[in-house]
Every structure is written in structure tokens, then in C-alpha cells.
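K.L.:
Let me see the structure of the following:
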Amino acid sequence: MPDAKDPRTTGYFIGGASFVAPPLAPGLYVVSTPIGNLRDITIRALETLAAADQVLCEDTRMSARLLDHYGIRTPRKALHEHNERARAEGIAAEVAAGKAIALISDAGTPLLSDPGFPLVRALREADLPVFAIPGPSALLSALAVAGLPTDAFSFIGFLPTKAGARGKALAALAGRTETMVFYESPRRLDDALAAMAEHLGADRQAAVALELTKRFERVNRGALGELAAHFAGEETKGEAVIVVAGAEEPATPAEADWLAALEAALADQPLRGAVDEVAARFGLKRKEVYNAALALKAAR
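P.N.:
Model (predicted):
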């Protein structure tokens, strides 16, 4: 086990008052940090960052604003998409040796379109402890204020940057019935919304959340076609969160209608052809239609 840290270096400040963080058990601590407003940090996150032996930052310069604001002096090292795979094994060895290491991204919860997954996987494969220190998340914040269904949703993250690949990805999502959440760069927001209107439908309801928790926070809600027109050529700051309503559930066909169609199809087609035609036409499971066709034939 490493020597205990000097209590003078494990403190943090809130509003001018100083606090000493309790010691941490060895492990990797995945810490959520504010997505804009520094006051959204949790007490447990502050204690963890102050008591850790090291803080792994996506960008040490970005994280300095948060850590310095709260007087946290824990040593910092960069862990980003370009070095995380190479560093994962060494960090796992440090945890195995008894270190407590905190992982943060520039904002929000690590691993959600941010670095960290290779490291967490390496520790889990080595049967080493990983702890979640929950807190702010742009994904959940946008979902909470979008005014769209939250009972089922999918986090899609960033779409491909090239137009062809982006359109193909959206076309594959067009039939999904749950709410979908996307992240997007301010440079590509207008192109992304135009592609969504084309492939998901201009009338599909959506919301665009910008500058969440910051002074100029805004949420624009409307049909995708309207949002695409609104943001066409507009310069925005910070990453956007786009929340899109799912496709409407297909209407369930009346049983009497498809049975009548099946009976008519059986009059001049082989059983297999009639079943395939009716199942495709009414969006039914083939087995259900097949069983009904057998029953109709038996009743003749």
C-alpha cells in the first residue's frame, strides 16, 4: 500500500471554507464533472478528486479550471483518445499496487462519447475495483428538458462526419420507436439537422439543447424541418444535444380485414404465396398468418 497522502494536499475549498477529504480505497474512480456550471459538482466528486493519488484528465488545461476553482492540488495526467490504450495496462498496475486514481473528462460523465472505455475494460478484465461517482450528464440533462418521451430512449452519440455515412446511419434509425439522443459539433449542427429532416422526416418532433447549465442555455423545440431551417448557417457555441422523437408505432391492422384478405388470396394462390403477401401487406408475423391460413383451409 502507498503511504498516506499529506492531509494538506487532500483538501478542497467551497465558498472560502476548507475541507479535508477522507481517504479512498484503492481503485479507479469514474467521476462526473460539470457540463458548464461549476457549482454542479457533487461533494463526493470533490472528496474523490482531492483524495485520489492522481487525476486522469482528457485535457489537463481544461480540467485545471475546475480543479483550481475548488483548490484541489492532486497531480494530473492526460488520458485521451490518442494514448488511453497504451496507458491502460500501466494504470491498471498502479491500481493493483494500491493507488486510488480518478478519471474525468472535459465535462460530464466519462465514457459517454468521451475517453475511458479501454481503461475501465482493462481494470475489469484484471478484476480490479472500479467505482462510479455519478453526477452531471449532458445526455440526461437534455432528455429531462426536451419535452419528449423518456420511458424508452437510445443514446446514439455523434453521427458520422461525412454526408453519405451520416445519411446511411440515419436511414437505419428511421424506424426506431424510442426517443433518440445525439451529440453534435457546433460546426456540423446545421448539416446534421438537415440530414435528420431528410431521413427521419421533416415533421418528426425534436429538441436542440445548447449551452446547458450555462448563462445562455437554450432549448429549441419543434419539427426537424423547422429546426433545420432555423439553424441553417447559424453559428453556435459548444456541443449540441439533439433529442429526437421516435417513429410512431405502426397501427395494428384489424383482424377481420387481414383475414378477409388472406381468404381472398388463398382463392387464387398457393398457401405459401398467400401467406407471404398478407404478412408483408399488413406487417404481420408470418407464423401468425400461416396458422390462420391452415385454419381457413381446414374449415373449407
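K.L.:
show me where the stretch 151-300 of the chain has helices.
P.N.:
Along the stretch 151-300 of the chain, counting by DSSP state H, counting those that start in this stretch, helices occupy 163-173, 189-200, 224-231, 255-268, 271-282, 286-299.
K.L.:
Which positions within the third one qualify as buried?
P.N.:
Neighbour-count burial for helix 224-231, with 16 or more other Cβ atoms under 10 Å as criterion, is recorded at 224-228, 231. Quick note: C-beta positions are derived from backbone N, CA and C, even for glycine.
K.L.:
Repeat that for the fifth one.
P.N.:
Neighbour-count burial for helix 271-282 flags 274-276, 278-279, 282 (criterion: 16+ other Cβ under 10 Å).
K.L.:
Just want the angle from that helix to helix 255-268.
P.N.:
Counting by axes from the mean of the first three to the mean of the last three Cα atoms, to 10 degrees, helix 271-282 lies at 150 degrees to helix 255-268.
K.L.:
by contact count, what packs against helix 271-282?
P.N.:
Applying 3 or more Cβ pairs under 8 Å, 6 or more residues apart in numbering; DSSP states H and E, one finds that helix 271-282 contacts helix 255-268, helix 286-299.
K.L.:
Let me know the average pLDDT across it.
P.N.:
The predicted model assigns helix 271-282 a mean pLDDT of 89.
K.L.:
for the last one, same thing?
P.N.:
Per-region confidence: helix 286-299 scores 88 on mean pLDDT.
K.L.:
ok, now the second one?
P.N.:
For helix 189-200, the mean pLDDT works out to 97.
K.L.:
Please tell me how far the nearest residue to Pro129 once chain neighbours are set aside sits from Ala78.
P.N.:
Spatial nearest neighbour of Pro129, chain neighbours left out: Gly27 (3.6 Å); criterion: Cβ to Cβ, 6 or more residues apart in numbering. Per Cβ to Cβ, to the nearest Å, Gly27 is found 20 Å from Ala78.
K.L.:
go on, Arg124?
P.N.:
In terms of Cβ to Cβ, Arg124 sits 22 Å off from Ala78.
K.L.:
The two: which has the busier surroundings?
P.N.:
Ala78 (16 against 13; other Cβ atoms under 10 Å).
K.L.:
Tell me the pLDDT of the residue nearest to the more buried one when sequence neighbours are not counted.
P.N.:
Closest residue to Ala78 apart from its sequence neighbours, by Cβ to Cβ, 6+ apart: Thr60 at 5.4 Å. pLDDT for Thr60: 96.
K.L.:
got the contact list for Thr60?
P.N.:
76-78 (Cβ atoms under 8 Å, 6 or more residues apart in numbering).
K.L.:
Closest to Ala267 out of the residues you listed?
P.N.:
Ala78 (72.9 Å; Cβ to Cβ).
K.L.:
hang on, that closest one packs against Asp59?
P.N.:
Yes - using Cβ atoms under 8 Å, Ala78 is in contact with Asp59, at 6.9 Å.
K.L.:
Low-confidence stretches in the chain?
P.N.:
Within the chain, the segments meeting pLDDT under 70 span 1-9.
K.L.:
80 - rerun?
P.N.:
1-9, 249-252, 300 (pLDDT under 80).
K.L.:
quick check: domain ranges of it?
P.N.:
7-136, 139-244, 255-299 (automatic domain parsing).
K.L.:
Identify the residues contacting Gly71.
P.N.:
11-13, 18.
K.L.:
Verify the assumption that it is located in a helix.
P.N.:
No - checked against DSSP: H, G, I helix; E, B strand; the rest coil, Gly71 lies outside a helix; its state is coil.
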